[in-house]
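Asker: generate a structure from the sequence data that follows.
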Amino acid sequence: MKFLKSIWKYVLMILLGLYLTEIITGFIMTLGKYKLYFMSHILTNLQQNLCHPLYYEQLYLSQQNPFLLITSLLVIIYMGYFILKRNRKNKSWKTADTDTHGSAQWGNLHKLLANHYFSMSQHHLADNFNNTINTEQLDKLIKQQRKEMVDQ
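Answerer: Numbers count the residues shown, from 1 in each chain. As a prediction, the model looks like this:
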């Protein structure tokens, strides 16, 4: 039952693709049969193809219509590729029972403290920040900003 629930949308997509190939084949067959009078016959033929898809699908198959056979095969191959690619992508995103994605791990307090992220005092942190700033450049920026404010 779980298997059927997981594949119903793919089966529906394949059936819709085959239905579309049958309609396009009917369109091309009408074009080939009526040539110049195509526009006067297309609505009737399209209506018949839309209302009786199984009949025309069997008719084109019994005639071994190459367009229907090739496009139907392409629809089935594409949907198979789509299904396999989607399943592979879903499996690649599944993770173990841990709270991880790939190699990422959630840190705990011990790991954070061991890496000295929070072991610095506020004073020590402020000193490190002030030591990394180029005060000459900062003074130039402050003077330039004051000059611009006076000019305005």
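Asker: C-alpha from now on. contacts and neighbour counts both.
Answerer: Will do.
Asker: after the lowest-mean-pLDDT helix or strand in the chain comes which helix or strand?
Answerer: Ranked by mean pLDDT, DSSP states H and E, the weakest helix or strand in the chain is helix 109-114, scoring a mean of 60. Next helix or strand after helix 109-114 toward the C-terminus (DSSP states H and E): helix 122-132.
Asker: run the chain-centre distance for that next one.
Answerer: Helix 122-132 sits 47 Å away from the centroid of its parent chain (C-alpha atoms, centre = their mean, to the nearest Å).
Asker: what does that helix contact?
Answerer: For helix 122-132, contacts defined as C-alpha atoms under 8 Å, 6 or more residues apart in numbering pick out no residues.
Asker: so how many other residues sit close to Gly17?
Answerer: Burial of Gly17 is recorded as 18 neighbouring residues (other C-alpha atoms under 10 Å).
Asker: and it, what is it in contact with?
Answerer: With the criterion set at C-alpha under 8 Å, 6+ apart, Gly17 makes contact with 72, 75.
Asker: equivalent analysis for Asn45, please.
Answerer: Per C-alpha under 8 Å, 6+ apart, neighbours of Asn45: 26-27, 30.
Asker: between the residues you listed, which sits nearest Gln144?
Answerer: Phe27 (74.3 Å; C-alpha to C-alpha).
Asker: was I right to think the closest one contacts Ile42?
Answerer: Yes - counting by C-alpha atoms under 8 Å, Ile42 is a contact partner of Phe27 at 7.2 Å.
Asker: got the contacts of Asn45 as CSV, with distance to Tyr19 and secondary structure columns?
Answerer: Shown next, in CSV, are those (distance: C-alpha to C-alpha, whole Å; DSSP: H, G, I helix; E, B strand; the rest coil):
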residue, distance to Tyr19, secondary structure
Gly26, 11, helix
Phe27, 13, helix
Thr30, 17, helix
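Asker: closest to Thr135 among those?
Answerer: For the contacts of Asn45, the closest approach to Thr135 (C-alpha to C-alpha) belongs to Phe27, at 77.6 Å.
Asker: ok, now which ones touch that closest one?
Answerer: 42, 45-46.
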